[in-house]
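1. I would like the atomic coordinates for the input below:
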Amino acid sequence: MNFKLNTGLTGGYKSNSQKIRVMTEAWVADNIFCPVCGNPHVTHLSNNIPVADFACSHCGENFELKSKSSTISNKITDGAYSTMIERINSINNPELFVMQYTKDLEVVNLMLIPKFFFVPSIIEKRKPLSENARRAGWVGCNIMLSKVPKQAKISIIKNQICAEVDLVVGQYARLSQLRTNNISGRGWLIDILNCVNNIKSTDFFLNDIYEFESQLKLKHPDNQHIQAKIRQQLQMLRDKGFIEFLGNGHYRKI
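-> Below you'll find the model as predicted:
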């Protein structure tokens with residue numbers, strides 16, 4: 001695989017962000033399989049389709065691409081805050097490709113975040129643009145990758161090493177067991193999965209999760225039965241094969 005971005009595609013573009021968009025989107029269309037079904041290619045959509053950048057002709061899933069030259073870490077810049085929140089609460093939210101490229105314009109990392117791991121709480125609202133800005137008052141947002149469970153960051157390319165297609169598709173299929181269109185339920189499941197991840201040991205107990213009760217109360221102030229909700233979500237994670245129940249409040253990560 002050639003990881004070099006094609007600079008020959010940037011003629012006629014003045015903005016550096018436009019040049020990067022053209023090069024990275026072309027690279028994905030030429031090199032990347034569908035991580036949902038394994039179809040060898042995803043199709044680049046025309047620029048007048050605002051919801052997504054790519055679609056799979058086999059399974060019909062849509063994908064958006066976000067790229068950055070710095071390390072993929074805590075957050076990535078996105079577009080309008082209101083549009084993002086609206087998309088999360090609708091059926092039109094695409095799967096997300098996140099790419100890192102070098103200053104020499106070579107792709108180094110690419111990961112997928114499934115659309116069913118997007119909830120309003122992982123979206124950071126930025127300050128409105130100043131009155132002197134061309135789009136005065138416009139409010140953008142950041143996707144807080146630090147709030148996305150590690151299980152939902154599916155690595156397709158890591159340090160220019162490509163993952164096997166079957167491995168990626170298998171990871172997506174396993175995660176899709178957690179899919180729900182109920183935004184509140186999705187938020188709870190993600191929060192509890194993050195709590196489990198924050199426990200350092202492989203084995204843990206129910207009381208270890210109860211330690212996060214105050215944090216969960218801040219995130220879900222309308223819920224008066226936090227511990228019962230914790231137990232419910234742990235049961236779901238157990239039923240879906242993400243943790244194992246060993247009895248007497250004893251769990252093990254899988």
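2. need the strands for the chain, in chain order.
-> Assigned by DSSP state E, the chain shows strands spanning 43-44, 54-55, 62-68, 75-80, 95-101, 107-113, 123-125, 140-144, 154-158, 161-162, 203-205, 243-247, 250-253.
3. Distance check, the closest residue to residue 203 other than its chain neighbours against residue 193.
-> Spatial nearest neighbour of residue 203, chain neighbours left out: residue 252 (5.0 Å); criterion: Cβ to Cβ, 6 or more residues apart in numbering. For the C-beta atoms, the positions are set from N, CA and C on the backbone; glycine is no exception. Between residue 252 and residue 193 the distance is 15 Å, computed by Cβ to Cβ, to the nearest Å.
4. thinking again about what came up before, indicate which one of the strands of the chain is closest to residue 13.
-> Residue 13 sits nearest to strand 62-68 of all the strands of the chain, at 14.9 Å, using Cβ to Cβ.
5. average pLDDT for that closest one?
-> Averaged over strand 62-68, pLDDT sits at 95.
6. about what we covered before: could you dump the strands of the chain into JSON lines and include distance to residue 20 and mean neighbour count?
-> Converted to JSON lines, the strands of the chain look like this (distance: least, Cβ to Cβ, whole Å; neighbours: other Cβ atoms under 10 Å):
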{"stretch": "strand 43-44", "distance to residue 20": "15", "mean neighbour count": "14"}
{"stretch": "strand 54-55", "distance to residue 20": "16", "mean neighbour count": "21"}
{"stretch": "strand 62-68", "distance to residue 20": "6", "mean neighbour count": "20"}
{"stretch": "strand 75-80", "distance to residue 20": "12", "mean neighbour count": "16"}
{"stretch": "strand 95-101", "distance to residue 20": "8", "mean neighbour count": "23"}
{"stretch": "strand 107-113", "distance to residue 20": "12", "mean neighbour count": "22"}
{"stretch": "strand 123-125", "distance to residue 20": "22", "mean neighbour count": "16"}
{"stretch": "strand 140-144", "distance to residue 20": "17", "mean neighbour count": "18"}
{"stretch": "strand 154-158", "distance to residue 20": "17", "mean neighbour count": "18"}
{"stretch": "strand 161-162", "distance to residue 20": "21", "mean neighbour count": "13"}
{"stretch": "strand 203-205", "distance to residue 20": "43", "mean neighbour count": "15"}
{"stretch": "strand 243-247", "distance to residue 20": "40", "mean neighbour count": "13"}
{"stretch": "strand 250-253", "distance to residue 20": "38", "mean neighbour count": "15"}
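7. Kindly reformat those as JSON lines and extend each row with distance to residue 87.
-> Shown next, in JSON lines, are the strands of the chain (distance: least, Cβ to Cβ, whole Å):
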{"stretch": "strand 43-44", "distance to residue 87": "20"}
{"stretch": "strand 54-55", "distance to residue 87": "16"}
{"stretch": "strand 62-68", "distance to residue 87": "9"}
{"stretch": "strand 75-80", "distance to residue 87": "10"}
{"stretch": "strand 95-101", "distance to residue 87": "11"}
{"stretch": "strand 107-113", "distance to residue 87": "14"}
{"stretch": "strand 123-125", "distance to residue 87": "10"}
{"stretch": "strand 140-144", "distance to residue 87": "11"}
{"stretch": "strand 154-158", "distance to residue 87": "20"}
{"stretch": "strand 161-162", "distance to residue 87": "29"}
{"stretch": "strand 203-205", "distance to residue 87": "35"}
{"stretch": "strand 243-247", "distance to residue 87": "30"}
{"stretch": "strand 250-253", "distance to residue 87": "32"}
